[in-house]
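K.L.:
build me a model from this:
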Amino acid sequence: MWDVFLSYSRGDVEQVRPLARALREGGLTVFTDESGVASFAGISDTIRRELACSRALLAYYSTAYPEREACQWELTTAYLAGLGEGDPRRRVMVVNPEPTTGHIHPVELRDARHAPAHDLAALVADVRAHVARLEGPMTIREHRTGLRGPAGFLGRLPELWQVHSALHAHSAPLVTGRAVARAAQIRGMAGIGKTALAQEYAVRFEAAYPGGVFRLDGEAYDDSLRALGIGRSYEGLEGIGEPFLWIVDSLPAGRLGPRAVADLTPPHPLAHTLFTLRSRAYDALGAAVDLGPLDARHARELAGDEVLAEAVGGHPLALALLGRAVRAGHRPHTLYDRLHARGRSLLDTLAGEEVTARLVHDVTGEDAADVLRCAAALHPLPVTAEDTARVLATADRVPRAVARRRAANGIAELHVRSLLAPAAGPSRPDGGLRGGLRDGRSLLAPAPAAGPSRPDGGLRDGTAADTDAGWQPHPVALHAWYHHDPAPARTEALRRAALRTLDDERAGPVTLAFPGSRREAPMAAPSESERMAAFDLQVELVTRIGVQELAPGTGSLREALTSLKSLIDFTRATLRTYSIRLERGSATGSPTVQDLAYTLVNDVIRPFTAAWHPRLAAHEARRPEGVAPFEHETSWAESDAMRGELAALREPLRRIVTGLGDISGADFGVETAG
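P.N.:
Model (predicted):
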């Protein structure tokens, strides 16, 4: 029987040898696998046998440790052996040679005291003391027959631990800051392996949930409940007295609000809920494990060919379909050619159903579709928001401000839908399309932050459009979009526009100029430019003191006057941004932004400021020394008259807000009298 099973990454062997020698010199029997374990999908019989003859596992947990499949199998086996005895740390000890602990999974081990790697004498003493408290070797638990994992599951061992840590973060409150259990979520694009990971987790960690594992279909949740004999009020779960796992698979993306999603979590203190979903819109739901493509080694193994594995970017569903075809006798180069052929998708043909349609099912907004089309035109180079804005401005002949907002909206939606990811690579000085075509690199940046909602469903401030962030769609997502694009003519128009922007002389801002004038032409109502301008003016106007009532004896008349003056400046700047002129419209037809802005500036605000600014300034000039400005203002004989006229501005301002709302489509609850 071994006292210690020493588990380590093969790259750490030189650091581990002195540790093994010190343990043996300290009187401990130590098993080390110097020869290494051949590549395998599961734990080898040798390792299983030696673990069953060991009191405890000592993990040399470097940053390379989670990446080695054999290490993860060994750790999982020992962890579950301790869990069966009541404490998952009972049969596992950790040596952490790194300065931080974030790489250590599961979280219970991160919370444990780590033996000092630099002090071998103290480490040996700690190990001897821990082993002395153990009776007999660890028990290797066999899985119950009720659960079966997905066929051909490869890799993903670090992700399995991440899922477990997310579900059990409350077990280590000092490390995670969480004292109560929360749900966890596995997120990623369609076909990326979310369901397979959840199933594999349920099989491998079944021992952690003696109360049982329940799997429910998120698309047919109520039917799944009835099949389990459980009602919507979760009666039938009251009698469970041990921890259980509640898996809600394939949560409908975007169709449920946060409250409805929360209702899918059983109100039971021993429940651990795991969701799988494509959307990133439920951050408050619980800790997230974002699932990406398979690594190159496992992708090659699954596809049976390196070129095919690279062509589909490690996408597990595509890899499995292609690998099955290779094993059936199809030549890899023939499959590669068919993958890029016109007509029906090869992946759909191999699957016998439209599996690629699910990949782009969530692309519902026109902005998102256009960003995906631009990304396809520039693939395999990353695309930035500025790249997309240039293409849209060229193709649609809209001002750059409009194009930037549309690009930001589309990128945000695609990222939330797990169809666009930050592209790895160093930063470029310009972050734009031309620089990107020179070196093929782009800045790795976080996803655009969602701002307040707009009437068109996008981001109000448009900050994402001003970033240099590089974004990359997955090759399989582009493949699916190619076969399911609802508007191929639009795709061709954007492709041509992308090519035109390569010419430096054509890559500048697109303006629609009047003959003999340098000003940009106004967009015809109801254009997107006018809707955006109306929305910005509407937001600004409803917060101004002229619309919000200034109660008698409160507020400053000088501040009110300054606020109204700044509103004139804001209006002019907004119209310039969207290439809209300030002019009075015709008396017929619906009011336009131009007309409403003209009325706001010249008919409402300017007469008031022209009348009251000099009178108030004259009174302020007579303020005695030692008298506060506000006290002097309230003593002004004309104060009540100015407040009365200021109050009278509210009604015309509200009418303007209403007119702007008719154009923007937004309603802020500002009503006119009568």
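K.L.:
okay, CA-based contacts and neighbour counts for the rest of this
P.N.:
OK.
K.L.:
list the helices and strands whichever strand or helix holds Val131 packs on?
P.N.:
Assigned by DSSP states H and E, Val131 belongs to helix 120-132. Packing partners of helix 120-132 (3 or more C-alpha pairs under 8 Å, 6 or more residues apart in numbering; DSSP states H and E): helix 13-25.
K.L.:
for the helix or strand following the helix it packs on, packing partners?
P.N.:
Going down the chain from helix 13-25, the next helix or strand is strand 30-31, by DSSP H and E. When contacts are defined as 3+ C-alpha pairs under 8 Å, 6+ apart, strand 30-31 sits against strand 2-7, helix 13-25.
K.L.:
give the buried residues for the helix or strand just after strand 30-31.
P.N.:
Toward the C-terminus, strand 30-31 is succeeded by helix 45-51 as the next helix or strand (DSSP H and E). Neighbour-count burial for helix 45-51, counted by 16 or more other C-alpha atoms under 10 Å, picks out Ile47, Glu50, Leu51.
K.L.:
now do Arg278 against Ala287, distance only.
P.N.:
Arg278 sits 15 Å away from Ala287, going by C-alpha to C-alpha, to the nearest Å.
K.L.:
which of the two has more residues huddled nearby?
P.N.:
The neighbour comparison of Arg278 against Ala287 (other C-alpha atoms under 10 Å) goes to Arg278, with 27 against 20.
K.L.:
how about the more buried one, phi and psi?
P.N.:
Dihedral pair for Arg278: phi -90, psi -30, per degrees, to the nearest 10.
K.L.:
so who does it touch?
P.N.:
When contacts are counted by C-alpha atoms under 8 Å, 6 or more residues apart in numbering, Arg278 touches Arg187, Gly188, Met189, Ala190, Ser250, Leu251, Ala253, Arg417, Ser418.
K.L.:
in the sheet, who's paired with the first one?
P.N.:
This means Arg187. As for beta bridges, Arg187 partners with Leu277, Asp290 under DSSP bridges.
K.L.:
so it is in contact with Thr276, correct?
P.N.:
Yes. The pair formed by Arg187 and Thr276 meets the contact definition of C-alpha atoms under 8 Å, at 6.0 Å.
K.L.:
so what's in contact with the two at the same time?
P.N.:
Going by C-alpha under 8 Å, 6+ apart, residues that sit against Arg187 and also against Thr276 are Lys194.
K.L.:
so what's the residue count around Thr101?
P.N.:
Counted by other C-alpha under 10 Å, the residues lying close to Thr101 total 18.
K.L.:
need the pLDDT of it.
P.N.:
Predicted confidence (pLDDT) for Thr101: 81.
K.L.:
give me the phi and psi for it.
P.N.:
Torsion angles, degrees, to the nearest 10, at Thr101: phi -120, psi 0.
K.L.:
mind starting the numbering at 3 from now?
P.N.:
Let's use 3 as the start, then, which means that last one is Thr103.
K.L.:
circling back: between the buried residues of helix 47-53, which sits nearest Arg392?
P.N.:
Ile49 (58.0 Å; C-alpha to C-alpha).
K.L.:
what sits against the closest one?
P.N.:
If you count contacts by C-alpha under 8 Å, 6+ apart, Ile49 has them with Glu76.
K.L.:
and for His615, nearest residue in space, chain neighbours not counted?
P.N.:
Among residues not flanking His615 along the chain, Leu563 sits closest, at 7.3 Å (C-alpha to C-alpha, 6 or more residues apart in numbering).
K.L.:
so that neighbour sits against Thr611, correct?
P.N.:
Yes. Using C-alpha under 8 Å, Leu563 makes contact with Thr611 at a distance of 6.7 Å.
K.L.:
need the residues that contact stretch 480-493.
P.N.:
If you take C-alpha under 8 Å, 6+ apart as the criterion, stretch 480-493 is touched by Gly345, Arg346, Ser347, Thr358, Ala359, Leu361, Val362, Asp372, Leu374, Arg375, Cys376, Ala378.
K.L.:
which other helices and strands does the strand or helix carrying Arg302 contact?
P.N.:
Using DSSP H and E, Arg302 falls within helix 298-305. On a contact count with 3+ C-alpha pairs under 8 Å, 6+ apart, helix 298-305 meets helix 308-313, helix 318-329.
K.L.:
let's have these in JSON lines, adding distance to Ala649, mean pLDDT and mean neighbour count.
P.N.:
Below are those laid out as JSON lines (distance: least, C-alpha to C-alpha, whole Å; pLDDT from 0 to 100; neighbours: other C-alpha atoms under 10 Å):
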{"stretch": "helix 308-313", "distance to Ala649": "67", "mean pLDDT": "92", "mean neighbour count": "19"}
{"stretch": "helix 318-329", "distance to Ala649": "65", "mean pLDDT": "94", "mean neighbour count": "21"}
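K.L.:
so which of those helices comes closest to Ala229?
P.N.:
Of all the helices and strands packed on helix 298-305, helix 318-329 sits nearest to Ala229, with 28.1 Å by C-alpha to C-alpha.
K.L.:
and the angle for that closest one with helix 298-305?
P.N.:
Orientation check (axes from the mean of the first three to the mean of the last three C-alpha atoms, to 10 degrees): helix 318-329 against helix 298-305 gives 50 degrees.
K.L.:
got the CA positions of helix 318-329 in CSV?
P.N.:
Output of helix 318-329 as CSV, limited to C-alpha atoms (Å, rounded to 0.1, in the frame of the first residue of the first chain):
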residue,chain,number,x,y,z
PRO,A,318,-17.5,19.5,-31.3
LEU,A,319,-20.7,18.8,-33.3
ALA,A,320,-19.0,19.4,-36.6
LEU,A,321,-16.0,17.4,-35.5
ALA,A,322,-18.2,14.4,-34.5
LEU,A,323,-20.1,14.5,-37.8
LEU,A,324,-16.9,14.7,-39.9
GLY,A,325,-15.1,12.1,-37.8
ARG,A,326,-18.0,9.6,-38.2
ALA,A,327,-17.8,10.1,-42.0
VAL,A,328,-14.0,9.6,-42.0
ARG,A,329,-14.4,6.3,-40.0
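K.L.:
what residues does that helix touch?
P.N.:
Helix 318-329 is contacted from outside by 193-195, 295-296, 301, 304-307, 310-311, 314, 334, 337, 349, 352-353, 478, using C-alpha under 8 Å, 6+ apart.
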